[in-house]
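Asks: Next comes the sequence, and after it the predicted model I'd like to discuss.
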Amino acid sequence: MSEALAGRYANALVQILFSPDPPLSPEQAVAELRNFDLMVASAPDFKHILNSPAVSRSRKRAVIAKIVEQAGMSKTLRNFLFVVIDRGRPSLLPVLRKNVEAFVDARRGIARAQVSTAVALSVEEQAAIGGELSRVTGKQVRCEFDLDPALLGGVIARVGSTVYDGSVRGKLIALKSRLTA
């Protein structure tokens, strides 16, 4: 439910960002949302204020306005955050940021890939994987890398609903199924 609701808010913001006369660029909006999300995550008191029903909406608006002003963020982002707060949805902010990033990428024709590896990869190896995924999908691919020691070795990449499994674990499972068949 919250994912779908965050998607609606994110879609509304992205429509504004891609309108004929946008108030700010999509890249700037994503950067500002990331900064705001980092501020909320790094300040437990701020997070508590945003999520507390005991704090009035007007007080939350005042806190957001002050922080946005001090951080030099746009009025568009401030107003968007006001809408989220006024609707009582501050808990959606982290998911909302991810959705905005995904929708902006989708509008630009960029596919997002979640790549899991058993060990940390060098920058060159990450670039090589990104290049290969771009070649295979025919789209520009933005990769997010994470570690999964359960893989034993290799790579698993998820692009949309497609999974590319080049892991040792995946190969062992495939071998097991062939041997038992």
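Replies: Structure's in. What do you need?

Asks: which residue packs closest to residue 154, ignoring adjacent ones?
Replies: Closest residue to residue 154 in three dimensions, ignoring its sequence neighbours and counting by Cβ to Cβ, 6 or more residues apart in numbering: residue 167, at 3.8 Å. All C-beta spots, glycine's among them, are computed from the backbone N, C-alpha and C.

Asks: isn't the one you found right up against residue 155?
Replies: Yes. With contact defined as Cβ atoms under 8 Å, residue 167 counts as touching residue 155 (6.4 Å).

Asks: Identify the contacts common to the two.
Replies: residue 116 (Cβ atoms under 8 Å, 6 or more residues apart in numbering).

Asks: re earlier: quick one: neighbours of the residue nearest to residue 154, just the number.
Replies: Neighbourhood size, residue 167 [other Cβ atoms under 10 Å]: 21.

Asks: Residue 61 now?
Replies: Residue 61 has 15 neighbours, counted by other Cβ under 10 Å.

Asks: contacting residues around it?
Replies: Counting by Cβ under 8 Å, 6+ apart, residue 61 makes contact with 82, 85-86.

Asks: Same question for residue 111.
Replies: Residue 111 touches 105, 133, 137, 139-142, 159-160, counting by Cβ under 8 Å, 6+ apart.

Asks: Which positions in the helix or strand of the chain with the lowest mean pLDDT come out as buried?
Replies: For the chain, counting by mean pLDDT, DSSP states H and E, helix 168-180 ranks last in confidence among helices and strands (a mean of 81). Within helix 168-180, the residues scored as buried using 16 or more other Cβ atoms under 10 Å are 169-170.

Asks: Just list what that helix packs against, helices and strands only.
Replies: Identification of packing neighbours for helix 168-180 by 3 or more Cβ pairs under 8 Å, 6 or more residues apart in numbering; DSSP states H and E yields no helix or strand.

Asks: what's next to stretch 46-56, contact-wise?
Replies: Under Cβ under 8 Å, 6+ apart, the answer for stretch 46-56 is 39-41, 59-60, 63-64, 67, 85, 90-91, 93.

Asks: same deal with stretch 94-101?
Replies: 2-3, 6-7, 9-11, 13-14, 29-30, 33-34, 36-37, 40-41, 84.

Asks: Of those residues, keep whichever come out buried.
Replies: Among those, the ones that count as buried (16+ other Cβ under 10 Å) are 6-7, 9-10, 13-14, 29-30, 33, 36, 40, 84.
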